[in-house]
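J.: prediction below, plus the sequence it came from.
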Amino acid sequence: MDVKAYLRSMIPHLEPGIKPSKSKDIRLSVNEVMQWSQSLEKLLANQIGQDVFGNFLKSEFSEENIEFWLACEDYKKTESDLLHCKAEKIYKAFVHSDAAKQINIDFRTRESTAKKIKAPTPTCFDEAQKIIYTLMEKDSYPRFLKSNMYLNLLNELQANSLK
């Protein structure tokens, strides 16, 4: 299987002719994928890395973690007049005790976040986001680096670079 076909199988929303955001093509270098193993930060800084890691988290039934983290990153860039609306959506989707995609945070952080969104600022989710980042970094990320998903991608790219 060539790299494009392999990436399409791992990232279902990359249809032919549709390019991922922030990327001109779905070509990945061995070096780029190897950099993902240096830190979770480097993995999440790469759009395709986010997608591949997101698919891994889906396979582990914990995709809410990256979805929440990405929503927080987007929220920080929100114009002040839209903060309240976005904060409510993020809170209801991920933080509220009845959220469909409830993240794993302690009661104190959940309550603190609920208070902060009443007068939302760009940093009102920072505490919860840091907990989720740490959870991904200490738990999911090491498993991702040992997963067939990551290792097969790396092996496929290495094999193609030798051709």
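T.: On my side now, so go ahead. Numbers count the residues shown, from 1 in each chain.
J.: mind listing the helices for the chain?
T.: 3-10, 30-35, 40-44, 47-59, 63-76, 83-90, 107-116, 126-135, 141-146, 148-161 (DSSP state H).
J.: how much space between L83 and K76?
T.: Distance of L83 to K76, computed by C-beta to C-beta, to the nearest Å: 10 Å. Quick note: C-beta positions are derived from backbone N, CA and C, even for glycine.
J.: should've said L82
T.: Noted for L82: a distance of 12 Å to K76, by C-beta to C-beta.
J.: ok, those two, which is more surrounded?
T.: Per other C-beta atoms under 10 Å, whichever of L82 and K76 has more neighbours is K76, with 15 against 11.
J.: which ones are touching that one?
T.: Counting by C-beta atoms under 8 Å, 6 or more residues apart in numbering, K76 touches 122-123.
J.: ditto for I132
T.: By C-beta under 8 Å, 6+ apart, the contact list for I132 reads 65, 68-69, 103-105.
J.: just name the closest of these to L40, please.
T.: W69 (9.8 Å; C-beta to C-beta).
J.: so what's P12 scoring on pLDDT?
T.: If you check P12, the pLDDT there is 45.
J.: so which residue is dead centre in the protein?
T.: Ranked by distance to the mean C-alpha position of the chain (C-alpha atoms, centre = their mean), the top residue is I66 at 3.4 Å.
J.: list the contacts for the spatially closest residue to it that is not a sequence neighbour?
T.: Nearest residue to I66 in three dimensions, chain neighbours excluded: G54, at 4.9 Å (C-beta to C-beta, 6 or more residues apart in numbering). Residues counted as contacts of G54 (C-beta under 8 Å, 6+ apart) are 63, 66-67.
J.: again, but for F125
T.: Listed by C-beta under 8 Å, 6+ apart, the contact set of F125 reads 72, 75, 87, 90, 95, 113, 116.
J.: same thing but at 6 Å, please
T.: C72 (C-beta atoms under 6 Å, 6 or more residues apart in numbering).
J.: against Y75, how distant is it?
T.: Taking C-beta to C-beta as the measure, F125 and Y75 are separated by 6 Å.
J.: distance of the closest residue to E88 other than its chain neighbours from K89?
T.: Distances taken as C-beta to C-beta, 6+ apart put I117 closest to E88, at 6.7 Å, once the chain neighbours are dropped. Separation of I117 from K89 (C-beta to C-beta): 10 Å.
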